[in-house]
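Colleague: got a sequence here, can you build the structure:
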Amino acid sequence: MKEIAIIGCGAYMDGGYGCPGEWRCLKAAARGEGNFDEPVQVVSFLKCQCPGRNTAPNMGMAIKISEVKPEAIYLSSCMAGAKPACPYATAEEMAEILTAKTGVPVIMGTHDYH
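Modeller: Residues are numbered from 1 along each chain as shown. Alright, predicted model coming up:
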């Protein structure tokens, strides 16, 4: 089974923007729905905290400490398609930083649930 990591937007999760946290992402991952083409095993879930400068180092540390390198990192739908958008970095910029830090490909979005 493919092992993956998910990064969610802390502002959306904590700010009451309709995302109660990880349940939608985890549901899509478990069922192989949304941007998951098959059920996967989530080996880490991180919350990006504004302004996001610790997200890539935190993911690197999660990989190092857990000794489990995911095959893909998914930016949650609330990160990849945030409205309003993140004022600090685009999802594409965050993906580039994460891939440079970890060597793991980043996939934009997790689910299409509303």
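Colleague: look up phi and psi at the residue nearest to residue 26 when sequence neighbours are not counted.
Modeller: In space, residue 26 comes closest to residue 42 once its chain neighbours are excluded; the distance is 6.2 Å by CB to CB, 6 or more residues apart in numbering. The way it works is simple: take the backbone N, C-alpha and C, and place the C-beta from them, glycine included. Per-residue torsions, residue 42: phi -80, psi 120 (degrees, to the nearest 10).
Colleague: list the buried residues of the worst-scoring helix or strand of the chain on mean pLDDT.
Modeller: Scoring the helices and strands of the chain by mean pLDDT, DSSP states H and E places helix 10-15 at the bottom, with a mean of 81. Buried residues in helix 10-15, counted by 16 or more other CB atoms under 10 Å: 10, 11, 12, 13.
Colleague: that one: how far from the chain's middle?
Modeller: For helix 10-15, the distance between its averaged C-alpha position and the chain's averaged C-alpha position is 13 Å (CA atoms, centre = their mean, to the nearest Å).
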